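Novice: have a look at this prediction, sequence included:
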2 protein chains.
Amino acid sequence: MTVRLLLPDELEAELRQIGATRYHNLHPFHRLLHDGKLNQGQVQAWALNRYYYQSQIPAKDATLLARLPTAELRREWRRRLVDHDGDGSVPGGVARWLKLAEGVGLDPALVESTSAILPATRFAVDAYVHFVRDRSVLEAVASSLTEMFSPTIIAERVSGMLAGYAWITPETLAYFTPRLTQAPQDSEFALGFVKKHADTVERQQQVLAALRFKCDVLWSQLDALYLAYVAPGLVPPGAFNPATQS
Amino acid sequence: MTVRLLLPDELEAELRQIGATRYHNLHPFHRLLHDGKLNQGQVQAWALNRYYYQSQIPAKDATLLARLPTAELRREWRRRLVDHDGDGSVPGGVARWLKLAEGVGLDPALVESTSAILPATRFAVDAYVHFVRDRSVLEAVASSLTEMFSPTIIAERVSGMLAGYAWITPETLAYFTPRLTQAPQDSEFALGFVKKHADTVERQQQVLAALRFKCDVLWSQLDALYLAYVAPGLVPPGAFNPATQS
């Protein structure tokens, strides 16, 4: 490969370019979701599957936390655990997502069991947790950088879903409100870390590959939802099927 | 759960029932493939992605081999490594699959690089390798039991593909010939092992879940191929695209 060492701001530009071409806001399932074009069963399938992703984020962050070398880094990463798991009084992101799932009409016990998710969801999410466990700390941090792109998609999603689905309330979408401030705080730190420590050609290429990998993790979850619940409607054996729900 | 301890033959019947309802010969992509309904680009996409599965089977088997407690078990499992990696003179399954990929018109260097596979293929195959590494030996052995169902699908596939695609030769499909004797030998051993050692309700349920998991691994690979290359034709960013191949 004829790649050269990038200046930190050039690296950031390349990372942003990956977001501009591979982030899942570009996926047709997201367009349908945000434009109010899905029926309730399809929105349920999204919320049910996405819960598995949410539920594994603390595992992902704790795995990385266990490998971070300094108290400063661990404090920074510990904040993410508080965001997702709460402090016992204010509910965290996982609990808020369960509220969202309940708000769109799902049985929270079914959601929490994760027994009805698409196998592809499980494989993609587990791949993310394993990546963060097995790769370098630099790559693990870089794989979190999709949060750079999430505030836009969240704003779009909340306004689009409130406008498009009469049965969705602002309360149901309360998951997203804290994310609008948490995600930028997280990604600002992670981006600074990556720009500082990706100081060789090899490390820079690893960082770019890590972000592409993470975009694949998000994208393939929407691929699986599209195939099973939009078109052609191939629900895998044993997975959630809105048509047969009581 | 109101499950009871099954007799060994009842356990086998339940395992066969999983195959009858969840094995990937039931997937519409396989029907299209076997009935000669795919174009060459679609068959290439199948061969390219399936190569990644083939290439990881020795990793899967070596991971299990490392955990087997007796020489007898290790010799049995070592045979699988010989089947897949060859002995240096007779080519193994991985090399034969590469021949198949070349025979359907792919650049073998592209195939071996695995750089153009669908992310969902990688996630599913890696999930299988991780399962075999992380679960009990009994569950790992049980996850290989899809081989009980493969002779039928192979016979169907070879005759169907030779009849359906003028550009496919018997030589290209030479991968499958040894599998017709290897798979039954492997699965006979594995089934005997499972029937003997799954001697509690919990272990029997683990064994059944392991086979369902493995069926999911195979099924989700065909799901991803269907979505990207049959309908609606959503090729993920960066993956093999027959339309833009030279």
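Specialist: Alright, I've got the coordinates.
Novice: can I get stretch A:174-188 as CSV, trimmed to CA atoms?
Specialist: C-alpha atoms of stretch A:174-188 as CSV (Å, rounded to 0.1, in the frame of the first residue of the first chain):
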residue,chain,number,x,y,z
ALA,A,174,-36.4,9.5,26.3
TYR,A,175,-33.4,7.2,25.7
PHE,A,176,-32.0,9.6,23.2
THR,A,177,-32.0,12.9,25.1
PRO,A,178,-29.0,12.2,27.4
ARG,A,179,-27.2,10.6,24.4
LEU,A,180,-27.2,14.0,22.7
THR,A,181,-24.7,15.3,25.3
GLN,A,182,-23.0,12.0,26.3
ALA,A,183,-22.0,10.9,22.8
PRO,A,184,-20.2,14.2,21.9
GLN,A,185,-18.3,14.1,25.2
ASP,A,186,-17.3,10.5,24.7
SER,A,187,-16.3,10.9,21.1
GLU,A,188,-14.3,14.1,21.7
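Novice: is chain B contacted by the longest helix belonging to chain A?
Specialist: Ranked by number of residues, the top helix in chain A under DSSP state H is helix A:201-229. Yes: applying CB under 8 Å from any CB of the partner chain, one finds helix A:201-229 touching chain B at A:R212, A:C215, A:D216, A:V217, A:W219, A:S220, A:D223, A:A224, A:Y226, A:L227, A:A228. C-beta: built from backbone N, CA, C; applies to glycine.
Novice: got JSON lines for the residues you listed, with pLDDT too?
Specialist: Formatted as JSON lines, these follow (pLDDT from 0 to 100):
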{"residue": "A:R212", "pLDDT": "98"}
{"residue": "A:C215", "pLDDT": "98"}
{"residue": "A:D216", "pLDDT": "98"}
{"residue": "A:V217", "pLDDT": "98"}
{"residue": "A:W219", "pLDDT": "98"}
{"residue": "A:S220", "pLDDT": "98"}
{"residue": "A:D223", "pLDDT": "98"}
{"residue": "A:A224", "pLDDT": "98"}
{"residue": "A:Y226", "pLDDT": "98"}
{"residue": "A:L227", "pLDDT": "98"}
{"residue": "A:A228", "pLDDT": "98"}
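Novice: tell me which residues of the longest helix of chain A are tucked away?
Specialist: Applying a neighbour-count criterion of 16 or more other CB atoms under 10 Å in any protein chain shown, the buried positions in helix A:201-229 are A:203-204, A:206-208, A:210-229.
Novice: what's the angle from that helix to helix B:201-225?
Specialist: Put simply, helix A:201-229 runs at 100 degrees to helix B:201-225, going by axes from the mean of the first three to the mean of the last three CA atoms, to 10 degrees.
Novice: figure out how far helix A:201-229 is from the centre of its chain.
Specialist: When distances are taken as CA atoms, centre = their mean, to the nearest Å, helix A:201-229 is centred 10 Å away from the chain's centroid.
Novice: next one: stretch A:190-199
Specialist: Its chain's C-alpha centre and that of stretch A:190-199 lie 21 Å apart, by CA atoms, centre = their mean.
Novice: one more: stretch A:134-144?
Specialist: Worked out by CA atoms, centre = their mean, stretch A:134-144 lies 15 Å from the chain centre.
Novice: span of that stretch from start to end?
Specialist: Terminal residues of stretch A:134-144 are spaced 15 Å apart (CA to CA, to the nearest Å).
Novice: with stretch A:22-37 instead?
Specialist: Termini of stretch A:22-37 sit 22 Å apart (CA to CA).
Novice: ok, and what's touching it?
Specialist: Contacts of stretch A:22-37 with the rest of the structure, by CB atoms under 8 Å, 6 or more residues apart in numbering or on different chains, involve A:38, A:42-43, A:46, A:146, A:149, A:152-153, A:156-157, A:160-161, A:163-165, A:212, A:215-216, A:218-219, A:221-223, A:225-226, A:230, B:234, B:237-238.
Novice: report the buried residues of that stretch.
Specialist: Of the residues in stretch A:22-37, those buried (16+ other CB under 10 Å) are A:R22, A:Y23, A:H24, A:N25, A:L26, A:H27, A:F29, A:H30, A:L32, A:L33, A:H34.
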